[in-house]
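In: this is a predicted model, with the sequence first.
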Amino acid sequence: MLRASLVWLVFLVIAVSSGALREVLIAPWLGEQRAQQVGTLLVCLLLAGVIILFIRRERPAPAVALVIGAGWTLMTVAFEFTAFHFIAGRPLSELLAAYDLSAGHLWPLVLFTELLTPWLSAMRLAQMRVARVPSSPKPKPIARLPEQYRRMIAKEEIANLPLRRYDGEVRVVNTAEALAEAMHDIRRESVVGFDTETRPAFQKGESYLPSLVQVATARRVYLLQVQQLDCSRELAELLADPRIVKAGVALAGDIGQLKRLFPFAAAAVVDIGQIAKRHGNKQSGLRNLAALFLGWRMAKGARTTNWSAPSLTPAQIGYAATDAWASRELYLRFEELGLT
């Protein structure tokens, strides 16, 4: 929303510059009323161009884009009546006359441009994303998996591999501001690593819902504390987005548990363990796959810790981030091998 507010200042510069251009160049040539009409249409075109560029960069959901457009429209109306009526002293009747389409005034088109262009642009982007997703992807033939990967890797062999942990930036998301920043980054991706963590149950009949959702991008890993912050709208958007592949291991269970928290229709959720099985590999666990395809060993230390704690320990953060990061790395490796 802060970036959207800054874009509105660009609108203000466009309107002022267009007004000056109209008075100097267009009005002497076409007359005042015709110049106002041409100037208004020019403002609409320039605003639409800026809005389309903003929506393509930010990639908000259509509903969010509509809220942004409504905010821009309200800011414009508020500025108009504050600046020209309360400060400049122009009568309300003169300001309201600009809204009379029957008299040839086109100012309402500017407001409609601000209101509807973000939503229409976001809808168009969503349709393009759906169109790019294959309706019935065909499995690759098993023979495409190189022979060295079509084998079982022993625990002893894994133990001799170098230990790797994610050493990039990790952000724990438990505020609305952090969530907005995370989604801005995530929406720019075509592939993210995805995983969840749940507080372990040690007694019969005891169970818990997911406490943490991990999302790995090319730049950093986000740990969303879903028990501390309502992330349902943002996660539903991500999980339903067909443009962004969500890669992980045994994701059917994660998806089922998340649906107990909030409703969504999953799209582009890819189980890399199932990809390996489909191509002839008998081991589908994340650590086995990382050892076989990436050549390094993953630690197991923090798996059964309390993931619902308000503050995560460094060990928990490292473990959770590594799982999501390794999932993304494996998917990218499978892409290199032509398996996806």
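Out: Arrived safely, thanks for sending. Computed from a prediction, not measured in an experiment: that's the story for all the values here.

In: show me the chain divided up by domain.
Out: 2-130, 137-336 (automatic domain parsing).

In: okay if I get the ones you listed as CSV plus mean neighbour count and mean pLDDT?
Out: C-betas here are computed from N, CA, C, even on glycine. Shown next, in CSV, are the domains of the chain (neighbours: other CB atoms under 10 Å; pLDDT from 0 to 100):
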stretch, mean neighbour count, mean pLDDT
domain 2-130, 16, 80
domain 137-336, 17, 89
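
In: separation between the residue nearest to Ser207 when sequence neighbours are not counted and Gly295?
Out: Excluding its sequence neighbours, the residue lying closest to Ser207 (CB to CB, 6 or more residues apart in numbering) is Ala201, at 5.4 Å. Ala201 sits 34 Å away from Gly295, going by CB to CB, to the nearest Å.

In: C-alpha coordinates for the helix or strand containing Arg328, PDB please?
Out: Assessed by DSSP states H and E, Arg328 sits inside helix 314-336. This file holds the C-alpha atoms of helix 314-336, laid out as PDB (Å, rounded to 0.1, in the frame of the first residue of the first chain):
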ATOM      1  CA  PRO A 314      18.300 -20.800  15.900                       C
ATOM      2  CA  ALA A 315      18.300 -24.600  15.500                       C
ATOM      3  CA  GLN A 316      14.600 -24.600  14.500                       C
ATOM      4  CA  ILE A 317      15.100 -21.700  12.100                       C
ATOM      5  CA  GLY A 318      18.000 -23.400  10.400                       C
ATOM      6  CA  TYR A 319      16.200 -26.700  10.200                       C
ATOM      7  CA  ALA A 320      13.000 -25.300   8.800                       C
ATOM      8  CA  ALA A 321      14.700 -23.000   6.300                       C
ATOM      9  CA  THR A 322      17.000 -25.900   5.000                       C
ATOM     10  CA  ASP A 323      14.000 -28.100   4.300                       C
ATOM     11  CA  ALA A 324      12.200 -25.500   2.100                       C
ATOM     12  CA  TRP A 325      15.500 -24.500   0.400                       C
ATOM     13  CA  ALA A 326      16.400 -28.100  -0.300                       C
ATOM     14  CA  SER A 327      13.000 -28.700  -1.900                       C
ATOM     15  CA  ARG A 328      13.500 -25.800  -4.300                       C
ATOM     16  CA  GLU A 329      17.000 -26.900  -5.100                       C
ATOM     17  CA  LEU A 330      15.800 -30.400  -5.900                       C
ATOM     18  CA  TYR A 331      13.100 -29.200  -8.100                       C
ATOM     19  CA  LEU A 332      15.500 -27.100 -10.100                       C
ATOM     20  CA  ARG A 333      17.900 -30.100 -10.300                       C
ATOM     21  CA  PHE A 334      15.000 -32.200 -11.600                       C
ATOM     22  CA  GLU A 335      14.400 -29.500 -14.200                       C
ATOM     23  CA  GLU A 336      18.000 -29.700 -15.300                       C
END
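
In: am I right that Ala291 is in contact with Ala154?
Out: No. Contact criterion CB atoms under 8 Å: Ala291 and Ala154 do not qualify, at 9.7 Å.

In: shouldn't the residue nearest to Ser207 be within a strand?
Out: No. The assignment for Ala201, made by DSSP: H, G, I helix; E, B strand; the rest coil, is coil rather than a strand.

In: let me see the ranges of the helices in the stretch 101-250 of the chain.
Out: 107-132, 155-159, 176-186, 232-240 (DSSP state H, counting those that start in this stretch).
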